[in-house]
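[1] compute the structure for the input listed below.
(one chain, ligands or ions: 2)
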Amino acid sequence: MKQIAIIGASGYTGAQVTALIEAESSLAVYGLYVSENSLDKGKALHSLYPQYSHLSYALQPLSETAKNQIVSDCDAVVLATDHAVSLHLAAWFFAKGVAVFDLSGAYRFSDQSQYPKWYGFEHAYPEALSQAVYGLAEWNAESIKNAKLIAVPGCYPTASLLALKPLADLMTPTLPVINAVSGVTGAGRKAQLHTSFCEVSLTPYGVLGHRHQPEIATHLGQEVIFTPHLGNFKRGILATITVSLKAGTTAQEIEQAYRKYEDSPLIHVKQNEFPKVDDVAHTANCHLGWKFDPDTGYIVVGSAIDNLMKGASSQALQCIKIHFGL
Ligand SMILES: NC(=O)C1=CN([C@@H]2O[C@H](COP(=O)(O)OP(=O)(O)OC[C@H]3O[C@@H](n4cnc5c(N)ncnc54)[C@H](OP(=O)(O)O)[C@@H]3O)[C@@H](O)[C@H]2O)C=CC1
Ligand SMILES: CC(=O)N[C@@H](CCC(=O)OP(=O)(O)O)C(=O)O
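    Ligands and ions are numbered 1, 2, ... in the order given. I've put the predicted structure just below:
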(Lines give C-alpha, C1' and ligand atoms only; values in the text may rest on other atoms or scores of the structure.)
(Ligands and ions follow the chains in the order given, each with its own letter.)
Protein backbone atom coordinates (compact mmCIF):
# COMPACT_ATOMS: atom_id res chain seq x y z
CA MET A 1 0.00 0.00 0.00
CA LYS A 2 1.52 3.33 -1.07
CA GLN A 3 0.99 6.19 1.35
CA ILE A 4 0.11 9.46 -0.36
CA ALA A 5 -0.08 12.94 1.20
CA ILE A 6 -2.24 15.51 -0.61
CA ILE A 7 -1.28 19.15 -0.24
CA GLY A 8 -3.85 21.74 -1.30
CA ALA A 9 -6.57 19.20 -0.57
CA SER A 10 -9.33 21.75 0.02
CA GLY A 11 -9.08 23.02 -3.58
CA TYR A 12 -10.99 21.64 -6.54
CA THR A 13 -8.22 19.39 -7.87
CA GLY A 14 -7.00 18.45 -4.38
CA ALA A 15 -10.43 17.24 -3.26
CA GLN A 16 -10.92 15.39 -6.55
CA VAL A 17 -7.56 13.62 -6.35
CA THR A 18 -8.26 12.69 -2.71
CA ALA A 19 -11.48 10.94 -3.78
CA LEU A 20 -9.64 9.11 -6.58
CA ILE A 21 -6.78 7.94 -4.34
CA GLU A 22 -9.22 6.86 -1.63
CA ALA A 23 -10.97 4.62 -4.17
CA GLU A 24 -7.73 2.79 -5.15
CA SER A 25 -7.05 -0.37 -3.19
CA SER A 26 -3.27 -0.09 -3.65
CA LEU A 27 -3.10 3.53 -2.45
CA ALA A 28 -3.80 5.07 0.95
CA VAL A 29 -4.60 8.69 1.77
CA TYR A 30 -1.95 9.48 4.42
CA GLY A 31 -3.17 12.99 5.16
CA LEU A 32 -4.70 16.14 3.69
CA TYR A 33 -2.99 19.50 4.04
CA VAL A 34 -3.70 23.19 3.52
CA SER A 35 -1.58 26.26 4.25
CA GLU A 36 -0.59 26.94 7.85
CA ASN A 37 -2.96 29.93 8.08
CA SER A 38 -5.78 28.42 6.08
CA LEU A 39 -9.32 29.32 7.13
CA ASP A 40 -10.17 25.66 6.50
CA LYS A 41 -7.57 24.04 8.74
CA GLY A 42 -9.12 21.53 11.12
CA LYS A 43 -12.26 21.10 8.99
CA ALA A 44 -13.25 17.72 7.59
CA LEU A 45 -13.01 17.52 3.79
CA HIS A 46 -16.69 16.50 3.60
CA SER A 47 -17.75 19.68 5.36
CA LEU A 48 -16.42 21.59 2.31
CA TYR A 49 -17.57 18.98 -0.22
CA PRO A 50 -20.73 17.19 1.00
CA GLN A 51 -20.63 15.03 -2.15
CA TYR A 52 -17.60 13.33 -0.59
CA SER A 53 -19.54 12.38 2.54
CA HIS A 54 -17.29 9.32 3.00
CA LEU A 55 -14.14 11.49 3.22
CA SER A 56 -13.92 12.60 6.83
CA TYR A 57 -10.16 13.34 6.80
CA ALA A 58 -9.33 16.61 8.54
CA LEU A 59 -7.48 19.32 6.63
CA GLN A 60 -4.22 19.81 8.50
CA PRO A 61 -1.93 22.83 8.42
CA LEU A 62 1.27 22.12 6.51
CA SER A 63 3.72 22.89 9.32
CA GLU A 64 7.43 21.99 9.28
CA THR A 65 6.59 19.06 11.59
CA ALA A 66 3.90 17.86 9.18
CA LYS A 67 6.33 18.09 6.25
CA ASN A 68 8.93 16.03 8.10
CA GLN A 69 6.30 13.44 9.05
CA ILE A 70 5.29 13.15 5.40
CA VAL A 71 8.93 12.56 4.45
CA SER A 72 9.33 9.75 6.97
CA ASP A 73 5.98 8.03 6.33
CA CYS A 74 4.95 8.65 2.72
CA ASP A 75 5.83 7.23 -0.68
CA ALA A 76 4.56 10.27 -2.55
CA VAL A 77 3.07 13.75 -2.26
CA VAL A 78 0.52 15.26 -4.59
CA LEU A 79 0.81 19.03 -4.82
CA ALA A 80 -2.55 20.54 -5.75
CA THR A 81 -1.25 24.01 -5.04
CA ASP A 82 -0.60 27.22 -6.94
CA HIS A 83 2.53 27.36 -9.15
CA ALA A 84 4.43 29.65 -6.75
CA VAL A 85 3.66 27.33 -3.81
CA SER A 86 4.48 24.12 -5.68
CA LEU A 87 7.77 25.62 -6.87
CA HIS A 88 9.25 25.44 -3.36
CA LEU A 89 7.36 22.42 -1.99
CA ALA A 90 8.24 20.20 -4.96
CA ALA A 91 11.95 20.99 -4.67
CA TRP A 92 11.88 20.42 -0.90
CA PHE A 93 10.13 17.03 -1.04
CA PHE A 94 12.17 15.99 -4.10
CA ALA A 95 15.42 16.73 -2.22
CA LYS A 96 14.17 14.52 0.64
CA GLY A 97 13.58 11.61 -1.76
CA VAL A 98 9.76 11.57 -1.77
CA ALA A 99 8.10 11.12 -5.19
CA VAL A 100 6.33 14.35 -6.16
CA PHE A 101 3.28 14.65 -8.44
CA ASP A 102 2.79 18.36 -9.03
CA LEU A 103 -0.45 19.58 -10.58
CA SER A 104 0.88 23.11 -11.06
CA GLY A 105 2.91 24.53 -13.93
CA ALA A 106 6.07 25.07 -11.86
CA TYR A 107 8.01 22.18 -13.42
CA ARG A 108 6.47 21.80 -16.90
CA PHE A 109 9.24 23.63 -18.81
CA SER A 110 12.75 22.26 -18.62
CA ASP A 111 14.02 25.65 -19.84
CA GLN A 112 14.45 27.85 -16.74
CA SER A 113 14.27 31.05 -18.77
CA GLN A 114 10.55 30.50 -19.54
CA TYR A 115 9.39 30.96 -15.93
CA PRO A 116 9.80 34.73 -15.40
CA LYS A 117 7.76 35.49 -18.52
CA TRP A 118 4.97 32.98 -18.06
CA TYR A 119 4.81 32.46 -14.29
CA GLY A 120 6.32 35.65 -12.92
CA PHE A 121 9.12 33.99 -10.93
CA GLU A 122 12.73 32.96 -11.42
CA HIS A 123 13.04 29.19 -11.14
CA ALA A 124 15.25 28.76 -8.10
CA TYR A 125 15.69 24.96 -8.30
CA PRO A 126 17.64 23.95 -11.42
CA GLU A 127 18.59 20.54 -9.99
CA ALA A 128 14.98 19.51 -9.30
CA LEU A 129 13.87 21.04 -12.61
CA SER A 130 16.45 19.05 -14.57
CA GLN A 131 14.99 15.82 -13.13
CA ALA A 132 11.33 16.70 -13.70
CA VAL A 133 9.36 14.89 -16.40
CA TYR A 134 6.15 15.91 -18.13
CA GLY A 135 3.33 13.63 -17.01
CA LEU A 136 1.34 13.29 -20.23
CA ALA A 137 0.43 9.73 -19.31
CA GLU A 138 -0.30 8.18 -22.73
CA TRP A 139 2.96 9.56 -24.17
CA ASN A 140 5.56 9.60 -21.42
CA ALA A 141 4.97 6.42 -19.42
CA GLU A 142 8.61 5.32 -19.50
CA SER A 143 9.96 8.59 -18.06
CA ILE A 144 7.09 8.79 -15.52
CA LYS A 145 8.16 5.34 -14.29
CA ASN A 146 11.73 6.45 -13.77
CA ALA A 147 11.43 10.02 -12.47
CA LYS A 148 10.67 11.21 -8.93
CA LEU A 149 9.27 14.59 -9.91
CA ILE A 150 6.34 14.50 -12.28
CA ALA A 151 4.88 17.73 -13.65
CA VAL A 152 1.27 16.83 -14.42
CA PRO A 153 0.24 18.76 -17.58
CA GLY A 154 -2.19 21.68 -17.61
CA CYS A 155 -5.81 21.09 -18.60
CA TYR A 156 -5.76 22.85 -21.99
CA PRO A 157 -2.38 21.31 -22.91
CA THR A 158 -3.71 17.82 -22.08
CA ALA A 159 -6.73 18.26 -24.38
CA SER A 160 -4.60 19.86 -27.11
CA LEU A 161 -1.58 17.56 -27.02
CA LEU A 162 -3.66 14.36 -27.00
CA ALA A 163 -5.30 15.60 -30.21
CA LEU A 164 -2.20 16.97 -31.92
CA LYS A 165 0.70 14.69 -31.06
CA PRO A 166 -0.42 11.78 -33.29
CA LEU A 167 -0.49 14.22 -36.24
CA ALA A 168 3.02 15.64 -35.67
CA ASP A 169 4.60 13.93 -38.70
CA LEU A 170 1.73 14.88 -41.01
CA MET A 171 1.61 18.64 -40.30
CA THR A 172 2.77 21.45 -42.58
CA PRO A 173 4.66 24.37 -40.95
CA THR A 174 1.37 26.34 -40.86
CA LEU A 175 0.57 26.90 -37.19
CA PRO A 176 -2.22 24.72 -35.77
CA VAL A 177 -5.04 26.89 -34.40
CA ILE A 178 -6.52 25.80 -31.07
CA ASN A 179 -9.75 27.34 -29.79
CA ALA A 180 -10.71 25.93 -26.42
CA VAL A 181 -13.50 26.53 -23.92
CA SER A 182 -13.15 25.68 -20.24
CA GLY A 183 -15.64 25.41 -17.43
CA VAL A 184 -15.17 27.72 -14.47
CA THR A 185 -13.67 25.12 -12.09
CA GLY A 186 -10.54 25.56 -14.25
CA ALA A 187 -9.90 28.78 -12.35
CA GLY A 188 -9.82 27.08 -8.93
CA ARG A 189 -12.02 27.43 -5.86
CA LYS A 190 -11.05 30.77 -4.43
CA ALA A 191 -13.54 33.55 -5.12
CA GLN A 192 -12.65 36.02 -7.85
CA LEU A 193 -14.92 38.58 -9.48
CA HIS A 194 -14.41 37.33 -13.05
CA THR A 195 -15.41 33.78 -12.10
CA SER A 196 -18.45 34.72 -10.03
CA PHE A 197 -21.82 33.45 -11.33
CA CYS A 198 -23.20 36.74 -12.65
CA GLU A 199 -19.96 37.75 -14.36
CA VAL A 200 -19.24 34.63 -16.44
CA SER A 201 -20.30 34.81 -20.07
CA LEU A 202 -18.57 32.99 -22.94
CA THR A 203 -15.54 35.05 -23.89
CA PRO A 204 -11.90 34.57 -24.91
CA TYR A 205 -9.16 35.50 -22.46
CA GLY A 206 -5.38 35.44 -22.41
CA VAL A 207 -5.43 36.03 -26.17
CA LEU A 208 -1.95 35.57 -27.71
CA GLY A 209 -0.49 35.48 -24.21
CA HIS A 210 -1.71 32.49 -22.21
CA ARG A 211 0.99 30.37 -20.51
CA HIS A 212 -0.48 27.20 -22.01
CA GLN A 213 0.55 28.31 -25.52
CA PRO A 214 4.28 27.76 -24.84
CA GLU A 215 3.47 24.61 -22.82
CA ILE A 216 1.65 23.11 -25.81
CA ALA A 217 4.34 24.29 -28.26
CA THR A 218 7.18 22.91 -26.10
CA HIS A 219 5.66 19.47 -25.75
CA LEU A 220 4.42 19.31 -29.36
CA GLY A 221 7.68 20.59 -30.87
CA GLN A 222 5.79 23.09 -33.03
CA GLU A 223 4.43 26.59 -32.42
CA VAL A 224 0.66 26.93 -32.16
CA ILE A 225 -1.98 29.64 -31.90
CA PHE A 226 -3.99 29.03 -28.74
CA THR A 227 -7.08 30.93 -27.63
CA PRO A 228 -8.78 29.88 -24.39
CA HIS A 229 -12.37 30.84 -23.56
CA LEU A 230 -14.27 30.80 -20.29
CA GLY A 231 -17.72 29.22 -20.60
CA ASN A 232 -20.65 29.33 -18.18
CA PHE A 233 -20.49 25.71 -17.13
CA LYS A 234 -18.72 24.05 -14.24
CA ARG A 235 -16.54 21.25 -15.56
CA GLY A 236 -14.96 20.29 -18.83
CA ILE A 237 -12.89 21.55 -21.73
CA LEU A 238 -13.63 21.38 -25.42
CA ALA A 239 -10.73 22.21 -27.73
CA THR A 240 -11.48 22.60 -31.42
CA ILE A 241 -8.26 22.47 -33.39
CA THR A 242 -7.60 23.24 -37.06
CA VAL A 243 -4.43 21.81 -38.59
CA SER A 244 -2.97 21.99 -42.08
CA LEU A 245 -1.64 18.62 -43.24
CA LYS A 246 0.97 17.92 -45.90
CA ALA A 247 -0.21 17.66 -49.51
CA GLY A 248 -1.29 14.15 -50.38
CA THR A 249 -2.16 13.13 -46.79
CA THR A 250 -4.99 10.61 -46.76
CA ALA A 251 -7.73 9.82 -44.24
CA GLN A 252 -6.17 6.36 -43.91
CA GLU A 253 -2.89 7.90 -42.75
CA ILE A 254 -4.76 9.96 -40.15
CA GLU A 255 -6.62 6.87 -38.95
CA GLN A 256 -3.31 5.08 -38.71
CA ALA A 257 -1.83 7.98 -36.69
CA TYR A 258 -4.69 7.84 -34.15
CA ARG A 259 -4.22 4.07 -33.80
CA LYS A 260 -1.51 5.15 -31.37
CA TYR A 261 -4.39 5.14 -28.85
CA GLU A 262 -5.80 1.68 -29.64
CA ASP A 263 -4.35 0.33 -26.37
CA SER A 264 -5.21 3.45 -24.35
CA PRO A 265 -8.53 2.73 -22.64
CA LEU A 266 -9.19 6.36 -21.72
CA ILE A 267 -8.82 7.82 -25.21
CA HIS A 268 -11.75 7.37 -27.58
CA VAL A 269 -11.30 8.46 -31.18
CA LYS A 270 -14.06 8.89 -33.76
CA GLN A 271 -14.04 10.04 -37.36
CA ASN A 272 -16.64 12.54 -38.59
CA GLU A 273 -18.20 12.79 -35.14
CA PHE A 274 -17.39 15.46 -32.58
CA PRO A 275 -17.13 15.18 -28.81
CA LYS A 276 -19.29 16.87 -26.17
CA VAL A 277 -18.20 18.16 -22.78
CA ASP A 278 -21.10 16.44 -20.99
CA ASP A 279 -19.92 13.04 -22.23
CA VAL A 280 -16.57 13.37 -20.42
CA ALA A 281 -17.51 15.45 -17.35
CA HIS A 282 -16.68 13.54 -14.13
CA THR A 283 -14.75 10.92 -16.12
CA ALA A 284 -11.05 10.26 -16.76
CA ASN A 285 -11.67 9.98 -20.51
CA CYS A 286 -10.59 12.06 -23.46
CA HIS A 287 -12.95 12.01 -26.46
CA LEU A 288 -11.39 12.92 -29.80
CA GLY A 289 -13.29 13.44 -33.06
CA TRP A 290 -11.88 14.49 -36.43
CA LYS A 291 -12.92 15.38 -39.95
CA PHE A 292 -10.53 15.81 -42.86
CA ASP A 293 -10.94 17.71 -46.10
CA PRO A 294 -8.51 16.19 -48.66
CA ASP A 295 -9.14 19.10 -51.07
CA THR A 296 -7.71 21.75 -48.73
CA GLY A 297 -5.56 19.47 -46.57
CA TYR A 298 -7.19 20.81 -43.40
CA ILE A 299 -8.24 18.59 -40.52
CA VAL A 300 -10.44 19.76 -37.66
CA VAL A 301 -10.03 17.79 -34.44
CA GLY A 302 -12.25 18.11 -31.37
CA SER A 303 -10.90 17.10 -27.98
CA ALA A 304 -13.00 16.95 -24.82
CA ILE A 305 -11.84 16.23 -21.28
CA ASP A 306 -12.90 17.04 -17.75
CA ASN A 307 -10.44 19.72 -16.62
CA LEU A 308 -10.43 18.48 -13.02
CA MET A 309 -10.04 14.82 -14.06
CA LYS A 310 -7.95 14.08 -17.17
CA GLY A 311 -6.86 17.74 -17.09
CA ALA A 312 -5.47 17.39 -13.55
CA SER A 313 -6.46 14.81 -10.89
CA SER A 314 -7.15 11.60 -12.80
CA GLN A 315 -4.06 12.21 -14.93
CA ALA A 316 -2.10 12.61 -11.66
CA LEU A 317 -3.57 9.26 -10.56
CA GLN A 318 -2.52 7.69 -13.87
CA CYS A 319 1.01 9.02 -13.29
CA ILE A 320 1.07 7.64 -9.73
CA LYS A 321 -0.04 4.20 -10.95
CA ILE A 322 2.47 4.19 -13.81
CA HIS A 323 5.26 5.35 -11.48
CA PHE A 324 4.62 2.67 -8.87
CA GLY A 325 3.84 -0.05 -11.44
CA LEU A 326 0.28 -0.50 -10.16
N1 LIG B 1 -8.62 23.71 -11.65
C2 LIG B 1 -8.17 23.06 -12.73
O3 LIG B 1 -8.96 22.68 -13.63
C4 LIG B 1 -6.72 22.76 -12.89
C5 LIG B 1 -5.78 23.21 -11.98
N6 LIG B 1 -4.47 22.92 -12.17
C7 LIG B 1 -3.46 23.38 -11.23
O8 LIG B 1 -3.59 22.65 -10.01
C9 LIG B 1 -3.24 23.47 -8.90
C10 LIG B 1 -4.42 23.52 -7.94
O11 LIG B 1 -5.52 24.07 -8.65
P12 LIG B 1 -6.98 24.19 -8.01
O13 LIG B 1 -7.34 22.95 -7.30
O14 LIG B 1 -7.85 24.68 -9.10
O15 LIG B 1 -6.72 25.37 -6.93
P16 LIG B 1 -7.61 25.86 -5.70
O17 LIG B 1 -7.40 27.32 -5.62
O18 LIG B 1 -8.98 25.33 -5.81
O19 LIG B 1 -6.87 25.15 -4.44
C20 LIG B 1 -5.61 25.49 -3.99
C21 LIG B 1 -5.31 24.72 -2.73
O22 LIG B 1 -3.99 25.04 -2.25
C23 LIG B 1 -4.07 25.35 -0.83
N24 LIG B 1 -2.91 26.17 -0.51
C25 LIG B 1 -2.69 27.47 -0.81
N26 LIG B 1 -1.47 27.86 -0.34
C27 LIG B 1 -0.92 26.77 0.25
C28 LIG B 1 0.31 26.55 0.95
N29 LIG B 1 1.21 27.53 1.10
N30 LIG B 1 0.56 25.33 1.46
C31 LIG B 1 -0.36 24.33 1.34
N32 LIG B 1 -1.56 24.49 0.71
C33 LIG B 1 -1.82 25.69 0.17
C34 LIG B 1 -5.44 26.00 -0.72
O35 LIG B 1 -5.93 26.03 0.59
P36 LIG B 1 -5.69 27.29 1.58
O37 LIG B 1 -5.53 28.52 0.72
O38 LIG B 1 -6.91 27.32 2.43
O39 LIG B 1 -4.44 26.97 2.32
C40 LIG B 1 -6.25 25.02 -1.57
O41 LIG B 1 -6.45 23.83 -0.84
C42 LIG B 1 -2.86 24.85 -9.47
O43 LIG B 1 -1.47 24.92 -9.67
C44 LIG B 1 -3.59 24.85 -10.81
O45 LIG B 1 -2.94 25.71 -11.72
C46 LIG B 1 -4.05 22.13 -13.20
C47 LIG B 1 -4.92 21.64 -14.12
C48 LIG B 1 -6.35 21.94 -14.05
C1 LIG C 1 -10.67 28.54 -16.70
C2 LIG C 1 -9.28 28.84 -16.19
O3 LIG C 1 -9.05 29.88 -15.61
N4 LIG C 1 -8.35 27.92 -16.45
C5 LIG C 1 -6.99 28.08 -16.02
C6 LIG C 1 -6.17 26.87 -16.41
C7 LIG C 1 -6.13 25.80 -15.36
C8 LIG C 1 -4.97 24.83 -15.56
O9 LIG C 1 -4.83 23.99 -16.39
O10 LIG C 1 -4.06 24.95 -14.75
P11 LIG C 1 -2.51 25.25 -14.76
O12 LIG C 1 -2.53 26.64 -14.31
O13 LIG C 1 -1.99 24.30 -13.77
O14 LIG C 1 -1.83 25.08 -16.03
C15 LIG C 1 -6.34 29.31 -16.65
O16 LIG C 1 -6.63 29.66 -17.78
O17 LIG C 1 -5.42 29.83 -16.01
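[2] how about the helices in the stretch 151-300 of the chain?
    155-164, 212-220, 251-258 (DSSP state H, counting those that start in this stretch).
[3] out of these, nearest to residue 200?
    helix 155-164 (16.8 Å; CB to CB). For the C-beta atoms, the positions are set from N, CA and C on the backbone; glycine is no exception.
[4] among the helices of the stretch 151-300 of the chain, which is the most enclosed?
    helix 155-164 (a mean of 28; mean count of other CB atoms under 10 Å).
[5] domain parsing for this protein?
    2-131, 155-307 (automatic domain parsing).
[6] between those, which one is closest to residue 145.
    Comparing these by CB to CB, domain 2-131 comes nearest, at 11.0 Å.
[7] what's the span of the closest one from first residue to last?
    End-to-end distance of domain 2-131 (CA to CA, to the nearest Å): 22 Å.
[8] chain center to that domain: distance?
    14 Å (CA atoms, centre = their mean, to the nearest Å).
[9] is residue 141 in contact with residue 322, as I believe?
    Yes - counting by CB atoms under 8 Å, residue 322 is a contact partner of residue 141 at 5.1 Å.
[10] average model confidence for the longest helix along the chain?
    Assignment by DSSP state H gives helix 83-95 as the longest helix of the chain. Mean pLDDT, helix 83-95: 98.
[11] please point out which parts of it sit buried.
    83, 85-87, 89-94 (16 or more other CB atoms under 10 Å).
[12] again, but for stretch 138-147
    138-140, 144, 147.
[13] so which of the domains of the chain comes closest to ligand 2?
    Closest approach to ligand 2 among the domains of the chain (CB to the nearest ligand atom): domain 155-307, 2.9 Å.
[14] chain center to the closest one: distance?
    13 Å.
[15] quick check, it touching ligand 2?
    Yes - using CB under 6 Å from any ligand atom, domain 155-307 reaches ligand 2 at 155-156, 182, 186-187, 228, 230.
[16] those residues: which ones sit near ligand 1?
    Within these, those near ligand 1 by CB under 6 Å from any ligand atom are 155, 186.
[17] show me the residues of domain 155-307 next to ligand 2 that map onto strands.
    182, 228, 230 (DSSP state E).
[18] would you mind giving those residues as JSON lines with pLDDT added?
    Shown next, in JSON lines, are those (pLDDT from 0 to 100):
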{"residue": "182", "pLDDT": "98"}
{"residue": "228", "pLDDT": "98"}
{"residue": "230", "pLDDT": "97"}
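[19] weed out the non-buried ones from the residues you listed.
    For these, buried by 16+ other CB under 10 Å: 182, 228, 230.
[20] skipping adjacent residues, who's closest to the first one in space?
    Of all residues beyond its chain neighbours, the one nearest residue 182 is residue 237 (4.8 Å), with distances taken as CB to CB, 6 or more residues apart in numbering.
[21] and for residue 86?
    residue 104 (3.8 Å).
[22] that neighbour reaches residue 81, doesn't it?
    Yes - if you go by CB under 8 Å, residue 104 and residue 81 touch, sitting 6.2 Å apart.
[23] contacts only, for residue 155.
    By CB atoms under 8 Å, 6 or more residues apart in numbering, the residues touching residue 155 are 182, 186, 237, 305, 307, 311-312.
[24] what does the stretch 151-300 of the chain have sitting close to ligand 1?
    Residues of the stretch 151-300 of the chain found near ligand 1 (CB under 6 Å from any ligand atom) are 154-155, 185-186, 188-190.
[25] how about the secondary structure of residue 31?
    State at residue 31, reduced to three classes by DSSP: H, G, I helix; E, B strand; the rest coil: strand.
[26] next up, the contacts around the closest residue to it other than its chain neighbours.
    Excluding the flanking residues, the one nearest residue 31 by CB to CB, 6+ apart is residue 5, at 5.2 Å. Neighbouring residues of residue 5 by CB under 8 Å, 6+ apart: 30-33, 70, 74, 76-78.
[27] again, 10 Å this time
    29-33, 60, 62, 66-67, 69-71, 73-79, 93, 98 (CB atoms under 10 Å, 6 or more residues apart in numbering).
[28] ok so, going back, now the domains of the chain as a markdown table including distance to residue 317?
    Formatted as a markdown table, the domains of the chain follow (distance: least, CB to CB, whole Å):
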| stretch | distance to residue 317 |
| --- | --- |
| domain 2-131 | 5 |
| domain 155-307 | 8 |
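[29] what's the closest of these to residue 316?
    Nearest of the domains of the chain (CB to CB): domain 2-131, 5.0 Å.
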